[in-house]
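J.: I'd like to go over a predicted model; first the sequence, then the structure.
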Amino acid sequence: MAHVAIVSPGFPTNVGGVTDHTARLECHWTEAGHRSSILSNLDENAESVTAGWKAGGVDAVLIQYVPFLYGRRGLARTPARIARMAKSRGVRTTVFVHEPWVPPSRLPWLILSPLQRRQLLGLAAVTDAVVTPVPAWAALLGPATHVLYVGSTLGELPSDDTSEPPPPSPVVFSPFAAGLNWDWICAAVEAIGSGLTVVGCDRETALAHPVVGSKMSPQWEYRGRLPAPRVLATLSGSQLVLAPFVDGLTGRRTSAMAAMSVGAPLLSSRGRLFDAAFASGPTATATSRSDFVRQAQEIWASQSADRDRDARVAWYKEHLDSSVLDRRLLEIMMGEPAS
């Protein structure tokens, strides 16, 4: 059995995909008989941390990486320092790149983006393995980078009755997700002639948001921040989940993965980061706003949500089963060959 350490700043109080992923890894690895230690506070000296890992019999370290986890501007020496010290003590280190660097699309990011890129490439150079859920990022991080999807981090849909009423309109889950294209969503809702069910915030929070608020309607139904089982129950009962991202459907989208895990009819988008692996799946994807609107109308009018649900769930379990993903990640961390 292995003893692994996970570097996950802010765990478990920081809400977000990385924290959810860390919690799932710890759960699955513990269930499999492995030991997990999580470093969430980075105030300790890297030398003392890695010395403690070595003394405690840690075999491998996973660094959860999003630039802004380690500094307000996404710049920090801590991840690379930990990786170098662990390596010097003979402890294998892997970095999981959930997000690489900010795109240089705004003036401050013209400076930050190349600095973050240099930081991450330097970190990758001193680790034993690099993992990312987006194939387009793998090409940027080097030919030896492993592509491994995150999958849903919300767990399994409970078999008991959660008393969650079926949504009367299309659903958007996680409305503040980065890159969510609200122009497409609003156009689709208007064309369908329905309202919208928003999961992940209440009306006041949505309308107060500086960006998303301008797109929201007070007449939509807001179900607030729900526990994971209720989120999954809502998605499962939906006739259509809308998740168009500017950069396309990839293997890291929390909202899309959750909808796919329960077989919900999902309409997403193609973009520069679109993962071709999803082209063969049961998810509908659009290449333009007009295409998105057209498909949304067709899916909403088809009434086929229940009929095809089992097939969609089966595809998800075959390609994105979380226990399989987490077992493969541990194999990569331990340096085992692909199974």
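T.: Done, it's in. Residues are numbered from 1 along each chain as shown.

J.: drop to CA atoms for contacts and neighbour counts, all remaining ones
T.: Noted.

J.: just give me the neighbour total for Glu204.
T.: Glu204 is flanked by 12 other residues according to other Cα atoms under 10 Å.

J.: for it, give me its contacts.
T.: Going by Cα atoms under 8 Å, 6 or more residues apart in numbering, Glu204 touches no other residue.

J.: how close does it sit to Val189?
T.: Per Cα to Cα, to the nearest Å, Glu204 is found 20 Å from Val189.

J.: and for Arg312?
T.: The gap separating Arg312 from Val189 is 24 Å, by Cα to Cα.

J.: pull the CA atoms of the lowest-mean-pLDDT helix or strand in the chain into PDB?
T.: In the chain, the helix or strand scored least confidently by mean pLDDT, DSSP states H and E is helix 305-320, which has a mean of 89. Extracted C-alpha coordinates of helix 305-320, given in PDB (Å, rounded to 0.1, in the frame of the first residue of the first chain):
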ATOM      1  CA  ALA A 305     -34.400  13.000 -21.900                       C
ATOM      2  CA  ASP A 306     -35.600   9.800 -20.100                       C
ATOM      3  CA  ARG A 307     -35.400   7.500 -23.100                       C
ATOM      4  CA  ASP A 308     -31.700   8.100 -23.700                       C
ATOM      5  CA  ARG A 309     -30.500   8.600 -20.100                       C
ATOM      6  CA  ASP A 310     -29.300   5.100 -19.400                       C
ATOM      7  CA  ALA A 311     -27.100   5.200 -22.600                       C
ATOM      8  CA  ARG A 312     -25.600   8.500 -21.500                       C
ATOM      9  CA  VAL A 313     -24.800   7.200 -18.000                       C
ATOM     10  CA  ALA A 314     -23.200   4.000 -19.500                       C
ATOM     11  CA  TRP A 315     -21.000   6.100 -21.800                       C
ATOM     12  CA  TYR A 316     -19.900   8.300 -18.800                       C
ATOM     13  CA  LYS A 317     -19.000   5.300 -16.600                       C
ATOM     14  CA  GLU A 318     -17.000   3.700 -19.400                       C
ATOM     15  CA  HIS A 319     -14.900   6.700 -20.200                       C
ATOM     16  CA  LEU A 320     -15.000   8.900 -17.000                       C
END
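
J.: what does the pLDDT read for Ser339?
T.: As predicted, Ser339 sits at a pLDDT of 59.

J.: for the stretch 201-339 of the chain, just list every one of the strands.
T.: 221-224, 241-242, 266-269, 284-286 (DSSP state E, counting those that start in this stretch).

J.: let me know which of the ones you listed is tucked in deepest.
T.: Across those, the average number of neighbours (mean count of other Cα atoms under 10 Å) peaks for strand 241-242, which reaches a mean of 27.

J.: mind checking how far that strand is from the chain centre?
T.: Centroid displacement of strand 241-242 relative to its chain, using Cα atoms, centre = their mean, to the nearest Å, is 16 Å.

J.: got the contact list for that strand?
T.: Here strand 241-242 makes contact (Cα under 8 Å, 6+ apart) with 170-173, 185, 235, 259, 264-268.

J.: out of the residues you listed, which are inside helices?
T.: Under the assignment DSSP state H, those contribute 185, 235, 259 to helices.

J.: just checking, the second one touches Ala259?
T.: Read that as Leu235. Yes. Using Cα atoms under 8 Å, Leu235 makes contact with Ala259 at a distance of 5.8 Å.

J.: between the ones in helices among the contacts of strand 241-242, which is closest to Pro103?
T.: When the ones in helices among the contacts of strand 241-242 are compared for distance to Pro103 (Cα to Cα), Ile185 wins out at 23.4 Å.

J.: with adjacent residues omitted, what lies nearest to that closest one?
T.: Excluding its sequence neighbours, the residue lying closest to Ile185 (Cα to Cα, 6 or more residues apart in numbering) is Leu242, at 6.8 Å.

J.: could you pull out the strands for the stretch 51-200 of the chain?
T.: With DSSP E, counting those that start in this stretch as the criterion, the stretch 51-200 of the chain has strands at 60-65, 92-97, 129-132, 146-147, 171-173, 197-199.

J.: in terms of secondary structure, what does the fifth one contact?
T.: Right, strand 171-173. Using 3 or more Cα pairs under 8 Å, 6 or more residues apart in numbering; DSSP states H and E, the elements in contact with strand 171-173 are strand 197-199, strand 241-242.

J.: then the second one?
T.: The contact analysis (3+ Cα pairs under 8 Å, 6+ apart) places strand 92-97 against strand 60-65, helix 78-88, strand 129-132, helix 322-333.

J.: need the ones you listed in a markdown table (columns: mean pLDDT, distance to Gln116 and mean neighbour count).
T.: Formatted as a markdown table, those follow (pLDDT from 0 to 100; distance: least, Cα to Cα, whole Å; neighbours: other Cα atoms under 10 Å):
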| stretch | mean pLDDT | distance to Gln116 | mean neighbour count |
| --- | --- | --- | --- |
| strand 60-65 | 98 | 12 | 25 |
| helix 78-88 | 95 | 12 | 20 |
| strand 129-132 | 97 | 16 | 24 |
| helix 322-333 | 97 | 24 | 18 |
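
J.: export those as TSV, with columns for distance to Asp291.
T.: Shown next, in TSV, are the helices and strands packed on strand 92-97 (distance: least, Cα to Cα, whole Å):
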stretch	distance to Asp291
strand 60-65	34
helix 78-88	42
strand 129-132	29
helix 322-333	31
